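A.B. asks: let me see the structure of the following:
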Amino acid sequence: MGRVAAIGAVTIAIVVVAVLLFRGGGGHTLTAEFQNASQLVKGNQVTIGGSPVGSVADIKLTDDGRADVKLSIKDDYKDIPVETQAVIRQASQSGIANRYVELQLPPENKRSGKNLEDGGRIPITKTVTLVELDQLFNTLDPDTRDAVSKFFRNSADQFRGKEEQQREAFRYLNPALSTSSRLFSELNRDSPLLADFLQDSEKVVTALAERRDDLTGLVTNANRTFQALSSEREALGESIARLPDFMRTSNTVFVNLRAALNDVDPLVNASKPVARQLRPFLGELRPLAADARPTIRDLSNTLLQRGADNDLLDFQNTLPALASTALDKKERRPDFGTGPKSVGNVPGAFPQTVDALNDAAPIIGYGRPFTPDLWGWFDDFSTSGPYDAEGGFSRAQIVFNIQNVASAVPELIDLGQRDQVFGQLAKTGQFRRCPGGSEEPAPDGSNVFSASEQQALDCVEADRATGPSP
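C.D. replies: Below you'll find the model as predicted:
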């Protein structure tokens with residue numbers, strides 16, 4: 001009974017192992033058609049974005065000499081678009097049984113929304129077969145293979161005697177490869193984004209190729225620019241040395257400018273309506289500016305031109321120092337044709353002119369009210385007379401200024417006419433007429449003097465020579 005029980009247990013274990021080994025792994029299957037199997041074997045991995053999603057279930061030879069590779073995919077990854085491509089890749093160069101199949105999913109914007117069904121087929125137009133290294137070497141002619149052989153032999157000579165350095169380099173190789181492995185894993189995980197990046201890069205490179213003439217000119221001009229900069233490296237170095245002070249000054253200016261801009265805002269807001277009205281004027285000004293270019297060019301040559309004593313700036317340099325003559329206070333000895341005469345230590349012409357104008361202001365202010373009388377005299381003096389049916393005629397009369405009668409009284413006394421004159425003055429009662437007193441007062445009062453003005457002019461508005469005589 002013990003032997004029977006042991007044989008039964010072994011039989012059950014064999015059945016369980018057989019079931020585990022030969023039962024289906026679940027999920028679904030796809031068939032990819034390749035040019036050749038590239039040394040794939042059953043059990044090789046199937047990956048998507050670097051992650052295992054299944055394995056190679058079977059490999060068969062088709063009637064036309066191609067390889068049908070049956071892929072077993074896990075249920076978690078059964079939604080595979082019909083645009084998916086299958087690529088046979090090699091994990092490393094250390095063996096021949098290290099192949100795997102990578103399924104490359106299309107970007108989201110290039111999917112039709114249809115998925116491969118269970119048992120679906122990936123055609124040969126969407127598969128890529130691995131290129132073996134031996135196939136690459138077979139494409140080389142004997143001379144090239146000999147050159148490659150010499151390259152490897154010379155490479156061995158290159159490292160001979162430097163084993164310690166190579167060991168140190170190989171010690172850091174593993175971390176470098178590990179880091180690179182993580183980098184490429186991240187790239188494989190974002191394969192759709194990487195594909196979009198490569199496609200966009202292709203567009204950029206194509207655009208640059210179409211503009212290669214312009215790009216060549218840009219590189220040539222940049223070369224000339226850098227050559228010019230290198231020829232002025234001393235001046236450039238001095239400019240860079242001054243740059244920190246300039247930046248500090250610029251920072252202060254910009255800080256102050258910020259406050260100034262706030263103050264300028266009301267001006268800008270007030271200028272907006274004016275700017276709109278200036279648009280037609282500026283439109284008409286544009287042709288004028290275009291026509292003025294030759295004139296401005298000639299004016300520029302007049303102001304400043306290469307050469308000696310041939311422009312306005314050179315002419316200005318030949319003149320005496322006007323600033324000293326006009327502003328400085330110093331000992332002066334002018335010469336008016338009879339030899340220099342000392343006038344003492346006096347200010348320049350501009351300060352003296354200012355003092356003279358300030359001193360003349362009261363005199364000018366006193367005489368300004370008499371302007372209408374002066375211009376009236378100019379008008380009457382220049383007019384010969386009116387015309388009527390009998391021809392031109394003129395009238396003349398003698399007018400005595402009442403204010404100057406006192407100076408004329410002695411002569412009148414000699415003539416025995418004093419009583420007559422003062423009698424006439426007594427009749428009119430107009431002894432102190434104001435300037436413009438021979439005109440009627442204006443309705444707006446513009447020719448009527450105030451009490452303070454009458455006192456300053458020593459006149460009385462009531463003595464205006466208008467209206468009926470007393």
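A.B. asks: so where's the longest helix in this structure?
C.D. replies: Determined from DSSP state H, the single longest helix within the chain is helix 233-291.
A.B. asks: tell me the helix or strand right after that helix.
C.D. replies: Where DSSP states H and E defines the elements, the next helix or strand beyond helix 233-291 is helix 293-303.
A.B. asks: angle of that following helix against helix 233-291?
C.D. replies: 130 degrees (axes from the mean of the first three to the mean of the last three C-alpha atoms, to 10 degrees).
A.B. asks: just checking, what packs against helix 293-303?
C.D. replies: Counting contacts by 3 or more C-beta pairs under 8 Å, 6 or more residues apart in numbering; DSSP states H and E, helix 293-303 packs against helix 312-318. Backbone N, C-alpha and C define where each C-beta goes, glycine included.
A.B. asks: and the contacts of the helix or strand following the helix it packs on?
C.D. replies: Once the chain leaves helix 312-318, the next helix or strand it forms, by DSSP H and E, is helix 322-327. By C-beta atoms under 8 Å, 6 or more residues apart in numbering, the surrounding residues in contact with helix 322-327 are Lys330, Pro347, Gly348, Ala349, Phe350, Pro351.
A.B. asks: between which two of those is the distance greatest?
C.D. replies: Lys330 and Phe350 (13.6 Å; C-beta to C-beta).
A.B. asks: just give me the closest of the contacts of helix 322-327 to Ser446.
C.D. replies: Set against Ser446, the nearest of the contacts of helix 322-327 by C-beta to C-beta is Phe350 (35.7 Å).
A.B. asks: I'd like the distance between the closest residue to that closest one other than its chain neighbours and Gly348.
C.D. replies: Leaving aside its chain neighbours, Phe350 sits nearest to Ala326 (4.7 Å; criterion: C-beta to C-beta, 6 or more residues apart in numbering). With distances taken as C-beta to C-beta, to the nearest Å, Ala326 is found 5 Å from Gly348.
A.B. asks: ditto for Val56
C.D. replies: For Val56, the distance to Gly348 - C-beta to C-beta - is 107 Å.
A.B. asks: Ala326 and Gly348: who's more crowded?
C.D. replies: More neighbours surround Gly348 than the other of Ala326 and Gly348, with 17 against 14 (other C-beta atoms under 10 Å).
A.B. asks: may I ask you to confirm that the more buried one is in contact with Asp328?
C.D. replies: Yes - Gly348 is in contact with Asp328 according to C-beta atoms under 8 Å; the separation is 5.5 Å.
A.B. asks: can you list the low-confidence ranges for the protein?
C.D. replies: Across the chain, the ranges flagged by pLDDT under 70 are 1-27, 92-97, 132-136, 320, 379-388, 391-431, 467-470.
A.B. asks: can you point me to the longest strand in it?
C.D. replies: In the chain, taking DSSP state E as the definition, the longest strand is strand 51-61.
A.B. asks: and it, what does it pack onto?
C.D. replies: strand 45-48, strand 67-73.
A.B. asks: what inclination does the last one have with respect to strand 51-61?
C.D. replies: Inter-element angle recorded for strand 67-73 and strand 51-61: 150 degrees (by the same axes, to 10 degrees).
A.B. asks: pull out the buried positions in the strand or helix carrying Gln199.
C.D. replies: Using DSSP H and E, Gln199 sits within helix 191-210. Going by neighbour count (16 or more other C-beta atoms under 10 Å), the buried part of helix 191-210 is Ser191, Pro192.
A.B. asks: that one: what's the following helix or strand?
C.D. replies: Heading C-terminal from helix 191-210 (DSSP H and E), you reach helix 212-231.
A.B. asks: other residues contacting that following helix?
C.D. replies: Applying C-beta under 8 Å, 6+ apart, the set of residues contacting helix 212-231 from outside is Leu208, Leu236.
A.B. asks: got the CA coordinates for it in PDB?
C.D. replies: Output of helix 212-231 as PDB, limited to C-alpha atoms (Å, rounded to 0.1, in the frame of the first residue of the first chain):
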ATOM      1  CA  ARG A 212      20.500  76.200 -46.700                       C
ATOM      2  CA  ASP A 213      21.600  79.200 -48.800                       C
ATOM      3  CA  ASP A 214      20.200  81.600 -46.200                       C
ATOM      4  CA  LEU A 215      21.800  79.500 -43.400                       C
ATOM      5  CA  THR A 216      25.100  79.500 -45.300                       C
ATOM      6  CA  GLY A 217      24.900  83.300 -45.500                       C
ATOM      7  CA  LEU A 218      24.100  83.500 -41.800                       C
ATOM      8  CA  VAL A 219      27.100  81.400 -40.800                       C
ATOM      9  CA  THR A 220      29.300  83.400 -43.100                       C
ATOM     10  CA  ASN A 221      28.100  86.700 -41.600                       C
ATOM     11  CA  ALA A 222      28.400  85.400 -38.100                       C
ATOM     12  CA  ASN A 223      32.000  84.300 -38.900                       C
ATOM     13  CA  ARG A 224      32.800  87.900 -40.100                       C
ATOM     14  CA  THR A 225      31.100  89.300 -37.000                       C
ATOM     15  CA  PHE A 226      33.100  87.200 -34.600                       C
ATOM     16  CA  GLN A 227      36.300  88.000 -36.500                       C
ATOM     17  CA  ALA A 228      35.600  91.700 -36.100                       C
ATOM     18  CA  LEU A 229      34.900  91.200 -32.400                       C
ATOM     19  CA  SER A 230      38.200  89.300 -32.000                       C
ATOM     20  CA  SER A 231      40.100  92.100 -33.700                       C
END
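A.B. asks: what about it, distance to the chain center?
C.D. replies: Relative to the centre of its chain, helix 212-231 is centred 23 Å away, using C-alpha atoms, centre = their mean, to the nearest Å.
A.B. asks: what residues are up against Pro334?
C.D. replies: Pro340, Lys341, Val343.
A.B. asks: I'm done for today, thanks for sticking with me.
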